[in-house]
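In: model this:
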Amino acid sequence: MTAAFVDNRLPLETAAQFNERIRAAAADGPNFAGHFVIVSWHCGSSCTAMVIVDAVTRQILSAPIEVVSLPMPGHEEPDLSYRLDSRLLLATGFTNSAPAKPTYGTRFYVWNGRSLKLIRSTVDEEYTREIRKLQSQNRR
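Out: Numbering: from 1, shown residues only. I've put the predicted structure just below:
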């Protein structure tokens, strides 16, 4: 077995440093639901994470949401869709799914000023079946 390469040259970011980086990213101004900012970042290959920040107070208002996709044709990148003049957020990919039973689809959330509420989900049945089949083949 080959040992994994670990690059220890970069220091780990503290929670305070992470929160400050999120607040700094929100300085560009609102992009969601009037005066809120969706700040997103890559959390790995084909993974995007996001939080919602109040553009006025710079307060982080939501727990991170992760949206993951797999590098398959038509599904290479996860998608977050939102607008400044709307409280609706669409997240397409594997959204905080249980790893044992991944479900690919679009989640529709509405923002109430304090939290996101899931109001609808759609599932891409064909793609979900394909991923689960590949997953079971890899376990053998």
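In: CA atoms for contacts and neighbours, from now on please.
Out: Fine.
In: next, the buried residues of stretch 37-50.
Out: 37-40, 46-50 (16 or more other Cα atoms under 10 Å).
In: of these, closest to S136?
Out: If you rank these by distance to S136 using Cα to Cα, S46 comes first, at 20.7 Å.
In: the buried residues of stretch 37-50: which two are farthest apart?
Out: V37 and S46 (22.0 Å).
In: mind listing what's buried in the longest helix anywhere in the chain?
Out: Ranked by residue count under DSSP state H, the longest helix found in the chain is helix 125-139. Using 16+ other Cα under 10 Å as the test for burial, helix 125-139 gives 128, 131.
In: please shift the residue numbers so they start at 45 in all later answers.
Out: Right, with 45 as the first residue, what we last looked at is helix 169-183.
In: low-confidence ranges in this structure?
Out: 45-55, 114-121, 139-144, 184 (pLDDT under 70).
In: nearest spatial neighbour of I96, skipping sequence neighbours?
Out: Leaving aside its sequence neighbours, I96 sits nearest to I82 (Cα to Cα, 6 or more residues apart in numbering; 4.7 Å).
In: repeat that for N63.
Out: I104 (7.9 Å).
In: so the one you found sits right up against M94, yeah?
Out: No - between I104 and M94 there is no contact under Cα atoms under 8 Å: 10.7 Å.
In: contacting residues around the residue nearest to I96?
Out: 70, 74-76, 94-97 (Cα atoms under 8 Å, 6 or more residues apart in numbering).
In: kindly reformat those residues as TSV containing distance to T150 and secondary structure.
Out: Output for these, formatted as TSV (distance: Cα to Cα, whole Å; DSSP: H, G, I helix; E, B strand; the rest coil):
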residue	distance to T150	secondary structure
A70	25	helix
P74	24	coil
N75	20	coil
F76	18	strand
M94	16	strand
V95	18	strand
I96	19	strand
V97	22	strand
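In: which member of the residues you listed is positioned nearest S165?
Out: M94 (18.6 Å).
In: state the helix or strand in which the residue lying closest to that closest one once chain neighbours are set aside lies.
Out: Nearest residue to M94, sequence neighbours excluded (Cα to Cα, 6+ apart): S84, at 4.1 Å. Using DSSP states H and E, S84 sits within strand 80-86.
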